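> Following is a predicted model, sequence given first.
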Amino acid sequence: MTGDGDTVQNTAVSPATPPAREAEAALFAARGLTKVYHMGEVDVFALRDVDLDLFEGEFVVLLGPSGSGKSTLLNVLGGLDAPTSGTVRFLDHDLATTDDRALTRFRREHVGFVFQFYNLIPSLTALENVALVTDIATYPMDPAEAIRLVGLEERARHFPAQLSGGEQQRVAIARAIAKRPDVLLCDEPTGALDYETGLIVLQVLAHVNRTLGTTVAVITHNAAIAQMAHRVITMRSGRITDVRSNPTPIAPTDLRW
């Protein structure tokens, strides 16, 4: 991978073959998740009785319009928010009842986050932005290796202001994967990017899923992106309305929208 006008070296890269489900324990298991925000005298339900399993090594797309509960669900799974009721487990960790210190440790050791906006530190180079995370991770990869995985070796010494939007997002992905997370949670990672640049970012996510075996969950309102997922979870009004498997995910380079 090079600049935003280029594609990854393997233009046919797609998510890894989905893992077998027989007798497999879920990486995440959520049951009856409900999240209510109290706005004065009004209760706003962001999640309503959500049941969901995520499995090791799969690529999942959470699809739905704005306000459907996708981001709230991702935040609960990632330990950024707590449900009002229900349970959510990561392997043997009960995330719904654990304290803040344990949630911080869970996020540091197991979860990588990628958001629509890149949240890079302007005064640090791309490599230094990645190194910030590896300094606090338990078993990090070399920051240069993370930069290499997203194809930005030649831009490692550049500051965010010297990088395009797509390059900054790829640095954000490198930062997220550098601590070797079990799961990568991505909230609209292509939402601020044009079509060509968005495809490159999706190729990077597929590459991470295939080469590192990282479980990847991507929130989007773009239905075309669902074609590259192993499973597509559709949400509306705080509920999961449909879950479907995709036996033949396509490569990001074949996506059109």
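Cool, the structure landed.
> for stretch 142-156, which positions count as buried?
143, 146-147, 149-153, 155-156 (16 or more other CB atoms under 10 Å). Backbone N, C-alpha and C define where each C-beta goes, glycine included.
> Sorry, wrong one. I was asking about stretch 156-167.
Within stretch 156-167, the residues that qualify as buried by neighbour count (16+ other CB under 10 Å) are 156, 158-160, 163, 165-167.
> Ok, stretch 219-238 next?
Applying 16+ other CB under 10 Å to stretch 219-238 flags 219-220, 225-235, 238 as buried.
> Now do stretch 96-114, average pLDDT.
Mean pLDDT, computed over stretch 96-114, is 90.
> For the stretch 151-257 of the chain, just list every one of the helices.
Listed in chain order, the helices found in the stretch 151-257 of the chain under DSSP state H, counting those that start in this stretch are 165-177, 195-212.
> could I get the ones you listed as CSV with distance to Phe106 and mean pLDDT?
As requested, the helices of the stretch 151-257 of the chain are arranged in CSV below (distance: least, CB to CB, whole Å; pLDDT from 0 to 100):
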stretch, distance to Phe106, mean pLDDT
helix 165-177, 15, 94
helix 195-212, 19, 92
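> can you tell which of these is closest to Asp100?
Comparing the helices of the stretch 151-257 of the chain against Asp100 with CB to CB, the closest turns out to be helix 165-177 (21.3 Å).
> Other residues contacting the closest one?
1, 3-4, 112-115, 118-120, 126, 129-130, 132-133, 141, 143, 146-147, 149-152, 155, 160, 163, 184, 189-190, 192-193, 197-198, 200-201, 204-205, 208, 212, 214 (CB atoms under 8 Å, 6 or more residues apart in numbering).
> still on that earlier bit, of all the helices of the stretch 151-257 of the chain, which one is nearest Asp51?
Across these, the minimum distance to Asp51, taken as CB to CB, is reached by helix 195-212, at 23.7 Å.
> CA atoms only for the closest one - export them in CSV, please.
Only the C-alpha atoms of helix 195-212 are listed here, as CSV (Å, rounded to 0.1, in the frame of the first residue of the first chain):
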residue,chain,number,x,y,z
TYR,A,195,-14.9,6.4,-2.3
GLU,A,196,-11.4,5.6,-3.5
THR,A,197,-9.8,6.4,-0.1
GLY,A,198,-12.5,4.5,1.7
LEU,A,199,-11.8,1.4,-0.3
ILE,A,200,-8.1,1.5,0.8
VAL,A,201,-9.1,1.7,4.4
LEU,A,202,-11.5,-1.3,4.0
GLN,A,203,-8.6,-3.2,2.3
VAL,A,204,-6.5,-2.5,5.4
LEU,A,205,-9.2,-3.8,7.7
ALA,A,206,-9.6,-6.9,5.6
HIS,A,207,-5.8,-7.4,5.7
VAL,A,208,-5.7,-7.1,9.5
ASN,A,209,-8.5,-9.6,9.8
ARG,A,210,-6.9,-12.1,7.4
THR,A,211,-3.2,-11.8,8.5
LEU,A,212,-3.6,-11.3,12.3
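> Which elements pack onto that helix?
Using 3 or more CB pairs under 8 Å, 6 or more residues apart in numbering; DSSP states H and E as the contact definition, the elements that helix 195-212 packs against are strand 59-63, helix 143-149, helix 165-177, strand 183-187, strand 215-220.
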